[in-house]
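Trainee: okay, here's the prediction I keep looking at, along with the sequence it came from:
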Amino acid sequence: MSDVRETTAEANSFRDTDGEIWPSVVERATRAIQAGDGEDLRDLVADLHEADVGSLLEALQPDDRPRLISLLGKNFDFTALTEVDDTVREEILEELSNDEVAEGVRDLDVDDAVYILEDLDHSDQAEILEKLPALERIALQRGLDYPEDSAGRRMQTDCIAVPPFWSVRQTVDYIRDTPDLPDTFYEVFIVDPAHRLLGAVPLDKLMRARWGDRIDSIATEDHQRVHATDDQENVALLMQRYNLVSVPVVDDSERLVGVMMVDDIVDVLDEEADEDLKALGGVKADEELSDSVWYTVKGRFPWLFANLLTALISASVIDTFEASIQAMVALAVLMPIVASMGGNAGTQTMTVTVRAIATRQLGRANAWRVIRREMTVGLMNGLGFALLLGTMAALWSGVPGLGVIIGLALMIVLTAAAVGGILIPLALHRLKIDPAVSSGPFVTTVTDVIGFFSFLGIATLWLSRS
């Protein structure tokens with residue numbers, strides 16, 4: 001219990017109740033950096049978790065970040081660079097010498113070292129790797145050779161593998177007596193002489209087995225496995241689906257080359273969700289709060305330009321019904337309501353659909369059932385708002401027919417928005433186009449065009465009969 005209190009006290013001395021770094025901590029670090037006081041810096045970060053050191057780096061001014069690392073020297077844990085956003089990490093690495101980077105990644109887990117080095121120029125990568133011992137250099141180079149966002153880039157190469165003929169006692173003694181094994185592991189893997197994966201034994205099963213049992217007799221032979229070239233998002237979904245805390249990674253010859261751990265998967269799921277959310281908002285997946293104004297403008301401009309084109313299409317529909325709008329000015333007042341309701345309804349359905357596609361919850365097996373469901377939801381919402389807004393419009397304008405016009409238009413546009421919000425992402429996904437990136441402008445166009453056309457078209461018919 002005392003350990004918990006001490007940990008909480010240390011956390012409270014660094015962060016406030018909202019999880020933000022205390023300004024006094026940042027000020028102290030800044031003063032120490034400007035004074036070149038490495039001793040005070042070491043005292044400040046000595047007991048901090050690497051995630052807290054990463055937060056401190058992000059809170060500092062850009063020029064102070066590499067100076068902090070240089071002042072700390074060997075006392076700086078380069079794992080902290082995996083906890084900062086990409087832009088901050090790249091800026092820091094640009095200011096550090098290749099000698100400093102090589103020394104910093106020397107003792108890191110391979111997956112963390114690869115994560116830090118993968119965005120550097122190939123020439124810098126090669127120079128840094130040349131400064132490392134042969135075994136570490138080979139492991140890092142192999143990780144960097146795997147495709148970006150693959151399991152090979154994320155995996156830990158250190159894992160426990162034993163031959164099938166060992167007994168449980170031999171395996172436990174090996175784990176106890178071998179100094180260079182991973183600090184954290186959940187399974188023991190069984191391999192043949194060619195290092196091909198034969199099975200795995202969870203630690204709880206290992207500790208409950210009899211000492212004399214052969215290790216292969218208690219192995220799970222149909223254990224889930226992934227290939228080093230598999231996309232990291234697919235691996236994350238597999239581990240999430242089967243509640244795995246680790247999964248072995250094999251190469252094309254089924255040889256064991258590493259293991260994916262649950263902490264790596266949490267990062268992957270967070271990254272993928274972050275990318276999808278940004279894409280839906282028309283923001284580049286790699287945009288960070290630390291990016292420059294010009295880089296941010298360049299990233300957002302194309303999306304806004306696409307929205308401009310859709311707005312011009314909507315404007316052309318409105319122009320077609322110019323005479324009707326002049327005949328009844330109230331139509332111009334109510335048009336934004338139709339567009340807004342349709343846009344929001346389309347965005348709701350599109351968001352749910354894109355996320356369901358990303359998590360593999362929506363596919364051919366249930367597509368039509370979900371489409372019918374969304375169409376029914378849109379129709380029911382349309383009916384409800386038609387009665388509500390139609391009544392309000394009739395009372396406000398004193399023209400009962402106007403309530404009927406906007407009521408019918410809302411039913412049409414909300415139903416169309418629901419259908420478009422699901423069909424458009426599904427169609428883009430079928431065409432191998434990322435629906436998170438591309439759905440927005442199409443859904444907006446559909447809802448605006450159908451909304452304006454139905455509202456003004458119905459109004460024109462009503463005026464022609466009046």
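Mentor: Great, that's in hand. Numbering: from 1, shown residues only.
Trainee: need the helices for the stretch 1-150 of the chain, in chain order.
Mentor: For the stretch 1-150 of the chain, applying DSSP state H, counting those that start in this stretch gives helices covering 2-14, 23-35, 38-45, 50-59, 64-72, 86-95, 98-105, 110-117, 122-130, 134-145.
Trainee: output these as a markdown table; include the columns mean neighbour count.
Mentor: For the C-beta atoms, the positions are set from N, CA and C on the backbone; glycine is no exception. Shown next, in a markdown table, are those (neighbours: other C-beta atoms under 10 Å):
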| stretch | mean neighbour count |
| --- | --- |
| helix 2-14 | 11 |
| helix 23-35 | 15 |
| helix 38-45 | 16 |
| helix 50-59 | 19 |
| helix 64-72 | 20 |
| helix 86-95 | 17 |
| helix 98-105 | 20 |
| helix 110-117 | 22 |
| helix 122-130 | 15 |
| helix 134-145 | 16 |
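Trainee: let's have the ones you listed in a markdown table, adding distance to L423 and mean pLDDT.
Mentor: What follows is the helices of the stretch 1-150 of the chain, written out as a markdown table (distance: least, C-beta to C-beta, whole Å; pLDDT from 0 to 100):
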| stretch | distance to L423 | mean pLDDT |
| --- | --- | --- |
| helix 2-14 | 48 | 47 |
| helix 23-35 | 50 | 91 |
| helix 38-45 | 53 | 90 |
| helix 50-59 | 41 | 91 |
| helix 64-72 | 47 | 92 |
| helix 86-95 | 34 | 90 |
| helix 98-105 | 48 | 91 |
| helix 110-117 | 38 | 90 |
| helix 122-130 | 43 | 92 |
| helix 134-145 | 41 | 89 |
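Trainee: these: which one's closest to F165?
Mentor: Closest approach to F165 among those (C-beta to C-beta): helix 134-145, 27.1 Å.
Trainee: can you say which of the helices of the stretch 1-150 of the chain is nearest to D448?
Mentor: Among the helices of the stretch 1-150 of the chain, helix 86-95 comes nearest to D448, with 35.1 Å by C-beta to C-beta.
Trainee: now that closest one, how far from the chain's geometric center?
Mentor: Centre-to-centre, helix 86-95 and its host chain are 20 Å apart (C-alpha atoms, centre = their mean, to the nearest Å).
Trainee: hmm, back to that, compare the helices of the stretch 1-150 of the chain and report which one is nearest to A80.
Mentor: Closest to A80 of the helices of the stretch 1-150 of the chain is helix 50-59 (C-beta to C-beta; 3.9 Å).
Trainee: helices or strands next to the closest one in the packing?
Mentor: Identification of packing neighbours for helix 50-59 by 3 or more C-beta pairs under 8 Å, 6 or more residues apart in numbering; DSSP states H and E yields helix 23-35, helix 64-72, helix 86-95.
Trainee: tabulate the helices of the stretch 1-150 of the chain (a markdown table), appending distance to A306.
Mentor: Below are the helices of the stretch 1-150 of the chain laid out as a markdown table (distance: least, C-beta to C-beta, whole Å):
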| stretch | distance to A306 |
| --- | --- |
| helix 2-14 | 44 |
| helix 23-35 | 40 |
| helix 38-45 | 45 |
| helix 50-59 | 32 |
| helix 64-72 | 36 |
| helix 86-95 | 25 |
| helix 98-105 | 40 |
| helix 110-117 | 33 |
| helix 122-130 | 34 |
| helix 134-145 | 35 |
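Trainee: okay, the helices and strands packed on helix 50-59 in TSV with distance to V352 next?
Mentor: Supplementary listing: the helices and strands packed on helix 50-59 in TSV, determined by distance: least, C-beta to C-beta, whole Å:
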stretch	distance to V352
helix 23-35	40
helix 64-72	40
helix 86-95	29
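Trainee: looking at those, which is nearest to I175?
Mentor: Taking C-beta to C-beta as the criterion, I175 comes closest to helix 64-72 out of the helices and strands packed on helix 50-59, the separation being 33.8 Å.
Trainee: before we move on, back to that, out of the helices and strands packed on helix 50-59, nearest to V399?
Mentor: Nearest to V399 among these is helix 86-95; the distance by C-beta to C-beta comes to 56.3 Å.
Trainee: span of stretch 243-255 from start to end?
Mentor: Start-to-end span of stretch 243-255 (C-alpha to C-alpha, to the nearest Å) is 24 Å.
Trainee: meant to ask about stretch 210-226
Mentor: 30 Å.
Trainee: what comes up buried for that stretch?
Mentor: Of the residues in stretch 210-226, those with enough neighbours to count as buried (16 or more other C-beta atoms under 10 Å) are R214, I215, D216, I218, A219, H223, R225, V226.
Trainee: and that stretch, how far out from the chain middle?
Mentor: Per C-alpha atoms, centre = their mean, the displacement of stretch 210-226 from the mean C-alpha position of its chain is 34 Å.
Trainee: what do you get for stretch 57-68?
Mentor: Mean C-alpha position of stretch 57-68 versus that of the full chain (C-alpha atoms, centre = their mean) differs by 25 Å.
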